[in-house]
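Trainee: Pasted the sequence and its predicted model underneath.
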Amino acid sequence: MAVEEEGLRVFQSVKIKIGEAKNIPPYPGPNKMRDCYCTVNLDQEEVFRTKIIEKSLCPFYGEDFYCEIPRNFRHLSFYIFDRDVFRRDSSIGKVAVKKEDLQKYHGKDTWFQLQPVSADSEVQGKVHLELRLSEVITDSGVVCHKLATRVLECQGLPIVNGQCDPYAAVSLLGPSRSEAKKTKVKRKTNNPQFDEVFYFEITRPLSYTKRQFDVEEEDVDKLALRVDLWNASNLKFGDEFLGGVRVPLKVLGQAGVHDAWYFLQPRENGNKSVKADELGSLRLNIVYTEDHVFPSERYSPLTDLLLQSAQVEPVSASAAHILGEVCREKQEAAVPLVRLFLHYGKIVPFVSAIAHAEINRTQDPNTIFRGNSLTSKCIDETMKLAGMHYLQVTLKPIIDEICTEHKSCEIDPVKLKESENLENNRENLRQYVDRIFNVITTSGVRCPTVMCDIFFSLRESAASRFQVDQDVRYTAVSSFIFLRFFAPAILSPNLFQLRPHHPDPCTSRTLTLISKTIQTLGSLAKSKSANFKESYMAAFYDYFNEQKYADAVKNFLDLISSSGRWDQKSIETPIMLKEGFMIKRAQGRNRFGMKNFKKRWFRLTNHEFTYHKTKGNSKGEGALCRIPIENILAVERLEEESFKMKNMFQVIQPERALYIQANNCVEARDWIDILTKVSQCNRKRLSTYHPSAYLNGHWLCCKQSIDSAPGCTPCTGGLPANIQLDIDGDRETERIYSLFSTYMSKLVKMQEACGSKSVYDGPELEEYSTFVIDDPQETYKTLKQIVSAVQTLEQQHAQYKRDKFRKTKYGSQEHPIGDKSFQCYIRQQSESSTYSI
């Protein structure tokens, strides 16, 4: 979900690896061990939680998290909690990284010291204030000055213990005065509208008897206004501090008027001083990305150049191949290239062209696709995108079972526990391998067509290049489908969305042994026992030295490398797309039933959307409500004012709307997106909807009294129907432009290499030998076009930044006072210079 900025869309995303924590302070009891988990928060909103690592002061998490960020934020925070069975979990410490500092740690493994968690420092949100200094004539005719302070509204206040009932306390600070006044409490909202005015005397008439209150005109600059936001709590501990601002009165200037938004700040001296290593440390790897995407027409020259890559002869002279040559890591180039070609339906000819070129450069059939080339990375990425649901329906049931049963499968005699039996463990492992092998080799009919087309091309190119080797047509395909697709998914199911978290050590070991065996079974190697370094694995593999296993693999590979023989829509097996707990409002199917809110377990498949009282059966049995996909007419956000609740959305059906509250903004966006995509092709989809609820006999948005009245707001449109490949082509081209811009010096060096190779048709200079250049003239021609397109986009980005810089006002709602990222942006603009080639 992008943030719109004057014709430009801004996409924010973050990819995080949560490694481990060290030196957590011991529990103050005889056991001293803790059960710790880590949360990821956008400001104060939790968007991800790791599994609990029990009885450890150095917990290892090893979890990855990626999300598109649907709103602006100030801090990316990580909290370490200690689980408490009887009371609320206690926070041990936190790491808070400011948005403007995220680039410092981009892609680097970094140890962060944990800082104390204090209520005074846990702030977020902003407040709108209006200050006006005016002259007032008293009854006696004496002139004095009074300050009118108007507290208009706040936005984005934190929710404390599940509620937010805020009020503002306003006080005047100075050498000899401190007056405090409070607004009314606004119930159940974190975006309160106060619109209250308070008056403070700045100068008093000289006839006033208490001389200590006399303030001269020039002393106004010494005064300041303090506005604190509080949550009105019913607890005995008192109200909770939400944040505050201090406004010096010198901002009034000559006009005597000041109107601005302010970011709320922590209370001074809120954090207690602690020693550097007192709370321990946390290892993180953070990759934050911000894409500024123009309208499509700006990218046309570069997009057209990239999409022509499959037709360029030789393919090494194409724009896409050149991107792979100049990037430091092939993965950097492969991700946006694959997504772009998938979006435009041209992935198969492109991958076929670069694969054919790589096969022709390979001398030994045993080393085919063994390196981390652009071809192998592109096919990996294609399988991840196009094959994700294929993995779900093939492997998820058996992986879930393995993770739930916790059967012992250790076959290494050295690692065997005293209570375990080696033969029983081997039998457990053999049964698991047999079952997974069978579900894989019988799943060929479900393999996505785009993967089959690519495998068909690989098979034909390999067989043509190495005509003597009869097995190369199999190994060319198996090196991807087994080695790079199924085996990694079994080894790390959390990375392929098969499990929510990294498995526990015992289960992880079982999956490692299964993955090794499946990988070897799929490789069709002639001497399979030699593939294992460990003698216990070679002995275990004797179970599978039967011809039926090799025949099953070959039949499976023949099936998936035969192009275009079945229709995906004919597959009737329900695919589980998403599930999780959310809160729903009773739909009122019973005329006299209460419309209250209850926590339910929701499941979405490609057939229906259901909710259940508990997590229940994985097949969706025992549902309290079933909504067929064809009955979903629209899925839209619900305005917060409807029920004074955040992160709500509505699933609109023919009879009524189901109102649901997600746990956080990221989860709400994910549910809305996937429900919209899966129901996009429904014939009766609505074109308009009501953004607010129908309450007390009328719609809150348009005040119509008929509950079946047509919607008053256009539905969100433009989403693709293909739920597997929801890709924004312009965003991918913007990313490719950014890569070309980053590696511009390498593009220039590659141009020099083309010139050198054309003029001196002899040994290459060492600095040019890293580039694959088959046709210097064609390559140079493409390089010239790339540089021209990149320069044009650079100029457009620079112009946009200059225009934005001129229009933006510091203290506006978009950039409140205290916005460090905007201050950093201003500094960059003043120091920036255009890079020219």
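Mentor: Looks like it came in fine.

Trainee: what about the closest residue to residue 27 other than its chain neighbours, neighbour count?
Mentor: Nearest in space to residue 27, with sequence neighbours left out and distances taken as Cβ to Cβ, 6 or more residues apart in numbering, is residue 34 at 5.3 Å. Every residue, glycine included, has its C-beta placed from N, CA and C. Taking other Cβ atoms under 10 Å as the criterion, the count of residues near residue 34 is 24.

Trainee: contacting residues for residue 34?
Mentor: 24, 26-27, 55-57, 82, 92 (Cβ atoms under 8 Å, 6 or more residues apart in numbering).

Trainee: Show the subsequent helix or strand relative to the lengthiest strand in the chain.
Mentor: Longest strand in the chain by number of residues (criterion: DSSP state E): strand 8-22. Next along the chain after strand 8-22, taking DSSP states H and E as the criterion, comes strand 36-42.

Trainee: so how many other residues sit close to residue 508?
Mentor: 15.

Trainee: then the helix or strand harbouring it to PDB, C-alphas only?
Mentor: For residue 508, the host element (DSSP H and E) is helix 505-523. C-alpha atoms of helix 505-523 as PDB (Å, rounded to 0.1, in the frame of the first residue of the first chain):
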ATOM      1  CA  PRO A 505      15.900 -27.500  17.600                       C
ATOM      2  CA  CYS A 506      14.600 -31.100  17.700                       C
ATOM      3  CA  THR A 507      12.200 -30.600  14.800                       C
ATOM      4  CA  SER A 508      14.700 -28.600  12.900                       C
ATOM      5  CA  ARG A 509      17.100 -31.500  13.100                       C
ATOM      6  CA  THR A 510      14.400 -33.800  11.700                       C
ATOM      7  CA  LEU A 511      13.700 -31.500   8.800                       C
ATOM      8  CA  THR A 512      17.400 -31.200   8.000                       C
ATOM      9  CA  LEU A 513      17.700 -35.000   7.700                       C
ATOM     10  CA  ILE A 514      14.600 -35.200   5.600                       C
ATOM     11  CA  SER A 515      15.800 -32.400   3.300                       C
ATOM     12  CA  LYS A 516      19.200 -34.000   2.800                       C
ATOM     13  CA  THR A 517      17.600 -37.300   1.800                       C
ATOM     14  CA  ILE A 518      15.000 -35.700  -0.500                       C
ATOM     15  CA  GLN A 519      17.700 -33.700  -2.200                       C
ATOM     16  CA  THR A 520      19.800 -36.800  -2.900                       C
ATOM     17  CA  LEU A 521      16.800 -38.800  -4.100                       C
ATOM     18  CA  GLY A 522      16.000 -36.000  -6.500                       C
ATOM     19  CA  SER A 523      19.500 -35.600  -7.800                       C
END
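
Trainee: and the very next helix or strand once past it, what other elements does it pack with?
Mentor: Proceeding N to C from helix 505-523, the next assigned helix or strand is helix 535-541, under DSSP H and E. Applying 3 or more Cβ pairs under 8 Å, 6 or more residues apart in numbering; DSSP states H and E, we find helix 535-541 packed against helix 422-441, helix 505-523.

Trainee: With mean pLDDT as extra columns, can I get the ones you listed in CSV?
Mentor: Converted to CSV, the helices and strands packed on helix 535-541 look like this (pLDDT from 0 to 100):
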stretch, mean pLDDT
helix 422-441, 93
helix 505-523, 91
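
Trainee: For the residue nearest to residue 476 when sequence neighbours are not counted, which three-state class applies?
Mentor: For residue 476, ignoring the flanking residues on the chain, the nearest one in space by Cβ to Cβ, 6+ apart is residue 462 at 3.8 Å. For residue 462, the secondary structure call by DSSP: H, G, I helix; E, B strand; the rest coil comes out as helix.

Trainee: residues contacting residue 462?
Mentor: Counted by Cβ under 8 Å, 6+ apart, residue 462 has contacts 359, 365, 368, 472-473, 475-476.

Trainee: who wins for neighbours among those residues?
Mentor: Using other Cβ under 10 Å as the neighbour definition, the contacts of residue 462 reach their maximum at residue 476, which records 26 neighbours.

Trainee: related to what we said a few turns ago, just the buried residues of the contacts of residue 34.
Mentor: Applying 16 or more other Cβ atoms under 10 Å to those, the neighbour count classes 24, 57, 82, 92 as buried.

Trainee: So what's the predicted local confidence for residue 721?
Mentor: On the pLDDT scale, residue 721 is placed at 38.

Trainee: Next: the one 4 residues further on.
Mentor: According to the per-residue confidence, residue 725 scores 50 in pLDDT.

Trainee: same thing with residue 227?
Mentor: 93.

Trainee: what's the spacing between it and residue 166?
Mentor: When Cβ to Cβ, to the nearest Å is the yardstick, residue 227 and residue 166 sit 12 Å from each other.

Trainee: of the two, who's got more company?
Mentor: Set side by side, residue 227 and residue 166 show more neighbours around residue 166, with 27 against 22, by other Cβ under 10 Å.

Trainee: Backbone torsions only: list them for the more buried one.
Mentor: phi -90, psi 160 (degrees, to the nearest 10).

Trainee: For the remainder of this discussion, apply numbering that starts at 29.
Mentor: From this message on, residue numbering opens at 29, which makes the last subject residue 194.

Trainee: who touches it in this structure?
Mentor: 182, 185, 213-214, 217-218, 220, 257-260, 270.

Trainee: Could you pull up the residues touching the nearest residue to it once chain neighbours are set aside?
Mentor: Closest residue to residue 194 in three dimensions, ignoring its sequence neighbours and counting by Cβ to Cβ, 6+ apart: residue 220, at 5.1 Å. For residue 220, the contacting residues are 181-182, 185, 194, 214, taking Cβ under 8 Å, 6+ apart as the criterion.

Trainee: For whichever strand or helix holds residue 425, name the packing helices and strands.
Mentor: Element membership for residue 425, per DSSP H and E: helix 416-433. Using 3+ Cβ pairs under 8 Å, 6+ apart, the elements in contact with helix 416-433 are helix 450-469, helix 515-519, helix 533-551, strand 604-613.

Trainee: Which stretch among the ones you listed is buried most, on average?
Mentor: helix 515-519 (a mean of 23; mean count of other Cβ atoms under 10 Å).

Trainee: Can I get that helix in PDB, CA atoms only?
Mentor: Only the C-alpha atoms of helix 515-519 are listed here, as PDB (Å, rounded to 0.1, in the frame of the first residue of the first chain):
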ATOM      1  CA  ALA A 515      14.700 -29.100  -0.200                       C
ATOM      2  CA  PRO A 516      15.000 -25.500   1.100                       C
ATOM      3  CA  ALA A 517      11.300 -25.400   1.900                       C
ATOM      4  CA  ILE A 518      11.600 -28.500   4.000                       C
ATOM      5  CA  LEU A 519      14.700 -27.300   5.700                       C
END
